[in-house]
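1. next one to model:
(2 chains)
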Amino acid sequence: MRLATWNVNSIRARLPRLLDWLANVRPDIACLQETKIPPEDFPVAEIAELGYEVAAHGAGAWNGVAVLSRVGLSGRAVGFVDEPGFPDPEARALAVTCGDLRVWSVYIPNGRTPDSDHYAYKLKWLAALRGALAAELAEHPALVVSGDFNVAPTDDDIWDPAVFVGATHVTPPERQAVADLLALGLTDVEARPLKGDRPYTYWDYRAGMFHQNKGMRIDLVLASAPVAARITDAYVDREARKGKGPSDHAPIVVDLTDP
DNA sequence: ATGCCTTATTTCATAAGA
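-> Got it, this is the predicted structure:
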């Protein structure tokens, strides 16, 4: 079984590349973030042609998450109990059941700057997510939470720590919030970089950052113990970051033994 | 090589991303 997660940065803008990627990589389950599209406009028909069922959560031009599955899709849950908003809840979390797996696609708030209201919202959102996942794990032992966490868990996950002094994504409270998620019994799945030393998943569009491999590891796949024990391989598909019209994020692809 | 920002909307300017 193959599971993937990808921040596509607009499914409208990325649809041709997404369809090519699905046809080539053939994930059984794909979590998407930053779809930036309302559910009624989601390109369900094109994706269904490749054999996928779709669950999408979106509200207008920002945020938006989805799960595509060709191994069944049921138990759709949009958002979570006591999900914080800014000020109203946004389209940042979606959970579904695909075969034997409970799968969450999440898009954690950016935080903008450490002194902003959005940063406080980010921390509040992560803390609330922890509570929701604790309850979810009690019900679904085989759980995967994947998406864009907008946190680089360690200094090894950014290309130059000096550049990020005073910035979000690297502050101790953000890193602690992710550590608190792992403390629920989740594993931060280690993915192979296809090139270079570090499995970065994001490179800014500007200034040739990708070509210099000045990236960040901010997209994560968190797996509960029964799922982590089944992993045979995981890699960052940096090929998807190349060429004309890419997302600024690359997908993570995880292979599991069948249950 | 992969090549120096992109996407969206309240569009000819601005907000957001990270």
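2. what's the first helix or strand after the helix or strand harbouring A:Ala134?
-> Using DSSP states H and E, A:Ala134 falls within helix A:117-139. Under the assignment DSSP H and E, the closest C-terminal helix or strand after helix A:117-139 is strand A:143-148.
3. and that following strand with DNA strand B, contact?
-> Yes. For strand A:143-148 and DNA strand B, the contact criterion (Cβ under 7 Å from any atom of the strand) is met by A:Asp148. C-beta: built from backbone N, CA, C; applies to glycine.
4. relative to strand A:143-148, how tilted is the helix holding A:Ala134?
-> Going by axes from the mean of the first three to the mean of the last three Cα atoms, to 10 degrees, helix A:117-139 is angled at 160 degrees with respect to strand A:143-148.
5. contacts for helix A:117-139?
-> Residues from elsewhere that reach helix A:117-139, judged by Cβ atoms under 8 Å, 6 or more residues apart in numbering: A:80-84, A:86, A:92-93, A:95, A:102, A:104, A:106, A:108-113, A:143, A:145, A:150-151, A:168, A:173-174, A:177-178, A:180-181, A:184-186, A:224.
6. list the buried residues of that helix.
-> Using 16 or more other Cβ atoms under 10 Å as the test for burial, helix A:117-139 gives A:119-126, A:128-129, A:132-133, A:136-137.
7. helices or strands up against the host helix or strand of A:Ala223?
-> Assessed by DSSP H and E, A:Ala223 sits inside strand A:219-224. The contact analysis (3 or more Cβ pairs under 8 Å, 6 or more residues apart in numbering; DSSP states H and E) places strand A:219-224 against strand A:2-7, strand A:143-148, helix A:172-182, strand A:186-188, strand A:252-256.
8. contact partners for the residue nearest to the spatial centre of chain A?
-> The centroid of chain A falls nearest to A:Gly147 when counting by Cα atoms, centre = their mean (1.0 Å). By Cβ under 8 Å, 6+ apart, the contact list for A:Gly147 reads A:5, A:7, A:31, A:33, A:65, A:104-108, A:219-220.
9. just the CA atoms of stretch A:213-228, as PDB, please.
-> C-alpha atoms of stretch A:213-228 as PDB (Å, rounded to 0.1, in the frame of the first residue of the first chain):
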ATOM      1  CA  ASN A 213      18.700  23.000  -2.200                       C
ATOM      2  CA  LYS A 214      17.900  25.800   0.400                       C
ATOM      3  CA  GLY A 215      14.800  24.000   1.700                       C
ATOM      4  CA  MET A 216      12.800  23.200   4.800                       C
ATOM      5  CA  ARG A 217      11.300  19.900   6.100                       C
ATOM      6  CA  ILE A 218       7.800  21.200   7.200                       C
ATOM      7  CA  ASP A 219       5.600  18.500   5.700                       C
ATOM      8  CA  LEU A 220       5.300  15.400   7.900                       C
ATOM      9  CA  VAL A 221       3.800  12.000   8.000                       C
ATOM     10  CA  LEU A 222       3.000  10.900  11.500                       C
ATOM     11  CA  ALA A 223       2.200   7.200  11.900                       C
ATOM     12  CA  SER A 224       0.800   5.300  14.900                       C
ATOM     13  CA  ALA A 225       2.900   2.300  16.000                       C
ATOM     14  CA  PRO A 226       0.900  -0.300  14.100                       C
ATOM     15  CA  VAL A 227       1.300   1.700  10.900                       C
ATOM     16  CA  ALA A 228       5.000   2.600  11.500                       C
END
